[in-house]
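Asker: Only the shape, not the letters, is given here:
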C-alpha cells in the first residue's frame, strides 16, 4: 500500500477518541493508525462447555490467527490451546469425554481437515485424510463415543456423512449423500440419527435414519423451496425449525400427522434453537430484521415461558451446560466485539466471560446503525442498516456494501470498515435486497435464476433511496461487497456505469461459466437452482455475467482475492483485472497468498480494511 494518498485526507470530522478541533487535525499517520486499530479488533466465538462443566472452549484470533482457547466458565484468564500455522474455523467439545473436535483450514481454503485433542490441548490427532478433500465438522453423540462429519472424499459432487469412533480411533462412511448436509443429531442410544440433506440451495429435508438397518424416514415432505433444521429430544421426539406451508420459519415438532406448530412470530423468523439435556426446555433464537431475540420455551407446557432482555444485539451458538443451569453463547453487536457470554437460567443473569481485545478503540465512540426501509422499483420492500457520521450534516459521501450468499443477511454487527469510514465523514449502508435470508421464504427466492435481473435492479433502487432521502451525496457513491456481494458490485458498475465513483470487489463472481467450471463440484451441483444450470441455461448465465459487459465499466475498482479460494476461484478476479487494464480503467489488485474465501489472519484483515478505506476516502471525498 502507498502512503502518499493519505495526504488527501484533510477533512476529518471524527477519530476514535471523539471530535477533533479544527486546529488539531490528525496527521495521515494518525488516520492510518486509527484504521489499523479498527481492523485489529479481536473476537471470541463458538463457545462450548467441556464435559467437566467448569470450562468453556472457544475460537479467538487474539494471537493473530483463529485458534482454540479455553476459559473458566465463571470467568477468568483465557488459555490458548492451539498454535497452528493455519486457522481453526470450527470446534465442538465432547459432551461426556475430555475431548475437543476442531476444524483447520490449510491456507484458509475449503480443504479443511478435522482433529481431536484433549481438553488441555494435548494428544492432537488428525482424523481426516488430508489433501484436497473438503471436510465439515458435525456433532458428537450424546455419550461422546461418535463424532459426525461431512466429506467429499468419496464423491466430489456430494458431501457424504462419516462417523469417527473414539473407541476404535477410526472414521468410516456412514451415509451416502447427494448434495450437501450432515448428521444434525443422535438419539440417546445412537441407534438413530437426524439427517439433513440439501440437494439445491434454498431447499433441504430432514430424515430419521436408522443406523443398523439403513432405513430412512422422511420427516419433511414438501414441494418447492423449504428450510428445515432440528434436534432429537431425550424422549426421541424431533423438534425442528420449518417453513413448510408458511413463509416465515417457526418452531415445531414432528408428529405422525405431519409438522405441529409450537411457536411463531409475525415479525421474525426462527434462526436457531437448542434443547436442554433434560428435554424440558428449548431456547429459541429469533431473527427480527437482523437483531436477535431469545425466548425460553417450556416443552411440557408447550408455551414460551420467558423472553430474555439481551445485553447484545446478536446471538449465535447457544449451548446448555451439562447441568442445564447455565447457557453459553456468542454475543456481539454494532458496538460490541464478539465475546463468550454465560446466562444463568435460575437467576436470569448474564455474564461476559471473555474480553475481546480492541486496543486503541473506544467502543463508546462507535456508531450504532439505524434500520431503514423503502420500496424497490416494483414495490418489493427492502431494508438495510445505515451507519451515519456523528458530526456534519448530510448528504454524505456514502459506501453501499452488499452481503454475500446471496442467501446472506446484513445485520448490525461490529463492522470495522463501516466504523472507520463514518469516523472520516463517509456514511455506510448495508442493504438487504431480494434474495436475502431472514425475511421469509418468498423474499429469499425472488432472485433465483432469470429473476436475478430484478436483484440487480434493486441496486439502482438502493442508490436512488439514499440520494432522494438526502443521505448520499450525488457523485460520491461507492459500492463494495464480498463473494456474491462482489457479483453485485460488478453488476452495479456494468449496468449503471455512471452511478458509482468507486467500487471494491472482494472475491466476487464475475463469470458464471467459469464459476461453475472451477468451483468445488459439490458447490456447483447445489447452485443450479439459485443461479441457473450451465448445461441447459448457458445463454441466460452468460447474459447475467458482468464480465461480458466489462467494456461499460467506468468505475475505478479495488479487487481483492484469496489465492486458496476454491469457492469463488481466483480466475474470477483475474478476469476483472485483465478487462479493466485492457480498457484503461483504474484498478488496484491485491492477492492474499495465505487466504481462501475471506480473510482469517489479522494481518490480512488489516491490509484489506486499510486498502478499502483509503480507496473510498480518496475517491469519494
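Answerer: Everything's here; your move. Worth saying up front: this structure is predicted, and the values here are computed from it rather than measured.
Asker: Name the strands paired with the top strand by length along the chain and say parallel or antiparallel.
Answerer: Ordering each strand of the chain by length in residues (DSSP state E) puts strand 472-482 first. Using DSSP bridges, strand 472-482 pairs in its sheet with strand 396-402 (parallel), strand 502-506 (parallel).
Asker: For the ones you listed, give me JSON lines that also has mean neighbour count, distance to residue 267 and mean pLDDT.
Answerer: To be clear about C-beta, it is placed using only N, CA and C from the backbone, and glycine gets the same treatment. Output for the strands paired with strand 472-482, formatted as JSON lines (neighbours: other C-beta atoms under 10 Å; distance: least, C-beta to C-beta, whole Å; pLDDT from 0 to 100):
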{"stretch": "strand 396-402", "mean neighbour count": "27", "distance to residue 267": "24", "mean pLDDT": "98"}
{"stretch": "strand 502-506", "mean neighbour count": "27", "distance to residue 267": "32", "mean pLDDT": "98"}
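Asker: contacting residues around the most centrally placed residue in the chain?
Answerer: The residue lying closest to the centre of the chain (C-alpha atoms, centre = their mean) is residue 408, at 7.1 Å. Residues near residue 408 by C-beta atoms under 8 Å, 6 or more residues apart in numbering: 436, 437, 484, 485.
Asker: So the second one sits against residue 405, correct?
Answerer: Which is residue 437. Yes. Using C-beta atoms under 8 Å, residue 437 is in contact with residue 405, at 7.1 Å.
Asker: Between those two, which is the more surrounded one?
Answerer: It is residue 437, of residue 437 and residue 405, that has more neighbours when counted by other C-beta atoms under 10 Å, with 21 against 17.
Asker: residues contacting the more buried one?
Answerer: 405, 407, 408, 409, 444.
Asker: and if you look at residue 62?
Answerer: Counting by C-beta under 8 Å, 6+ apart, residue 62 has contacts 42, 44, 69, 78, 80, 356, 357.
Asker: Grab the longest helix from this protein for me.
Answerer: Longest helix of the chain, by residue count under DSSP state H: helix 602-620.
Asker: That one versus strand 472-482: what angle between them?
Answerer: 150 degrees (axes from the mean of the first three to the mean of the last three C-alpha atoms, to 10 degrees).
Asker: What residues sit buried inside helix 602-620?
Answerer: 602, 604-620 (16 or more other C-beta atoms under 10 Å).
Asker: Which of the contacts of residue 437 sits closest to residue 329?
Answerer: residue 409 (18.5 Å; C-beta to C-beta).
Asker: Quick check: which element contains the closest one?
Answerer: Per DSSP states H and E: residue 409 is located in neither a helix nor a strand.
Asker: and what of the one 4 residues further on?
Answerer: Secondary structure assignment for residue 413, by DSSP H and E: no helix or strand.
Asker: how about TSV for the strands paired with strand 472-482, with distance to residue 130 added?
Answerer: Below are the strands paired with strand 472-482 laid out as TSV (distance: least, C-beta to C-beta, whole Å):
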stretch	distance to residue 130
strand 396-402	36
strand 502-506	29
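Asker: can you give me the strands for the stretch 201-350 of the chain?
Answerer: 203-210, 216-218, 228-232, 238-242, 250-255, 258-263, 269-275, 281-288, 291-298, 303-307, 314-320, 326-333, 336-344, 349-352 (DSSP state E, counting those that start in this stretch).
Asker: Give me the residues contacting the third one.
Answerer: Where contact means C-beta under 8 Å, 6+ apart, the residues beyond strand 228-232 that reach it are 184-188, 192, 194, 196, 204-206, 219-220, 238-244, 254, 272-275.
Asker: Let's see that with 6 Å instead.
Answerer: 185, 187, 194, 204, 206, 220, 238, 239, 240, 241, 242, 275 (C-beta atoms under 6 Å, 6 or more residues apart in numbering).
Asker: okay if I get these as JSON lines plus pLDDT?
Answerer: Below are these laid out as JSON lines (pLDDT from 0 to 100):
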{"residue": "185", "pLDDT": "98"}
{"residue": "187", "pLDDT": "98"}
{"residue": "194", "pLDDT": "98"}
{"residue": "204", "pLDDT": "96"}
{"residue": "206", "pLDDT": "98"}
{"residue": "220", "pLDDT": "97"}
{"residue": "238", "pLDDT": "98"}
{"residue": "239", "pLDDT": "98"}
{"residue": "240", "pLDDT": "98"}
{"residue": "241", "pLDDT": "98"}
{"residue": "242", "pLDDT": "98"}
{"residue": "275", "pLDDT": "98"}
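Asker: can you tell me how far residue 283 sits from residue 365?
Answerer: According to C-beta to C-beta, to the nearest Å, residue 283 stands 33 Å off from residue 365.
Asker: same check, this time on residue 196
Answerer: 43 Å.
Asker: Looking at these two, which one has more neighbours?
Answerer: Neighbours per residue (other C-beta under 10 Å) separate residue 196 from residue 365, with residue 196 holding more: 22 against 16.
Asker: which residues sit in contact with that one?
Answerer: 181, 184, 204, 206.
Asker: burial of the spatially closest residue to residue 191 that is not a sequence neighbour, as a residue count?
Answerer: Nearest residue to residue 191 in three dimensions, chain neighbours excluded: residue 211, at 6.1 Å (C-beta to C-beta, 6 or more residues apart in numbering). Residue 211 has 16 neighbours, counted by other C-beta under 10 Å.
Asker: And for residue 212?
Answerer: Neighbours of residue 212 (other C-beta under 10 Å): 7.
Asker: elements contacting the longest helix of the chain?
Answerer: helix 28-40, helix 416-422, strand 472-482, strand 502-506 (3 or more C-beta pairs under 6 Å, 6 or more residues apart in numbering; DSSP states H and E).
Asker: make it 10 Å
Answerer: helix 28-40, strand 396-402, helix 416-422, strand 472-482, strand 502-506, strand 557-562, strand 587-592 (3 or more C-beta pairs under 10 Å, 6 or more residues apart in numbering; DSSP states H and E).
Asker: For the longest one, buried residues please.
Answerer: By neighbour count on 16+ other C-beta under 10 Å, the buried set for helix 28-40 is 28, 31, 32, 34, 35, 36, 37, 38, 39, 40.
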